[in-house]
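In: My questions concern the predicted model and sequence given below.
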Amino acid sequence: MQVAVRVVPNSRKSQIVGWEPAADDIRGHERMLRIRLNSPPVDGKANRELIRFLSHVWGVRTKDLRLVAGDKGRTKVVEINTDSELPADLVAA
């Protein structure tokens, strides 16, 4: 399963803001998850924080999450490979 996300780095704390319409550059996704990250967009720190944060929030292992697009931009696609039960609003995405 893949989820489109829009990150806002350098926020006071890492948190999920909510769903919004997907950007035009994200094909195959109608909506994307807006996430604030308490990490700067330097040397991949924001990407690592995104994976760590989503792992914690969704209750999956970090190795079950992979950034498949957007490693240098704010619009990203995260792939989830797990047998664990995911939150209902995520599955409906």
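Out: Arrived safely, thanks for sending. What you are looking at is a predicted structure, and each value in this text was computed from that prediction instead of being measured. Residues are numbered from 1 along each chain as shown.
In: how about the helices of this structure, start to end?
Out: Using DSSP state H, the helices of the chain run over 45-58, 88-91.
In: and among those, the most buried is which?
Out: Comparing those by mean neighbour count (mean count of other CB atoms under 10 Å), helix 45-58 ranks first with a mean of 18. C-beta: built from backbone N, CA, C; applies to glycine.
In: which residues sit against that helix?
Out: 5, 7, 9, 14, 16, 35, 37-40, 60-62, 64-65, 67, 71, 76, 78, 80, 84, 86-87, 90 (CB atoms under 8 Å, 6 or more residues apart in numbering).
In: again with stretch 68-85
Out: With CB under 8 Å, 6+ apart as the test, stretch 68-85 has contacts from 1-9, 23, 25-26, 29, 32, 41, 44, 47, 50-51, 54, 58-61, 64-67, 86.
In: Drop anything exposed from those residues.
Out: Neighbour counting by 16 or more other CB atoms under 10 Å classes 3-7, 9, 26, 29, 32, 41, 47, 50-51, 54, 58, 60, 64-65, 67 among the contacts of stretch 68-85 as buried.
In: quick one on the thing from earlier: the helices of the chain: lowest mean pLDDT?
Out: Confidence, taken as mean pLDDT, is least for helix 88-91 of those (a mean of 60).
In: phi, psi of the residue nearest to Asn10 when sequence neighbours are not counted?
Out: Leaving aside its chain neighbours, Asn10 sits nearest to Pro40 (5.5 Å; criterion: CB to CB, 6 or more residues apart in numbering). Phi and psi for Pro40, reported as degrees, to the nearest 10, are phi -80, psi 150.
In: surely Pro40 meets Val7?
Out: No - under the criterion of CB atoms under 8 Å, Pro40 makes no contact with Val7, lying 11.4 Å away.
In: Would you mark the buried spots in stretch 22-39?
Out: Buried residues in stretch 22-39 (16+ other CB under 10 Å): Ala22, Ile26, His29, Met32, Leu33, Arg34, Ile35, Arg36, Leu37, Ser39.
In: Between the two ends of it, how far is it?
Out: Stretch 22-39 has its terminal residues 23 Å apart, counting by CA to CA, to the nearest Å.
In: And for stretch 9-16?
Out: Stretch 9-16: ends 12 Å apart by CA to CA.
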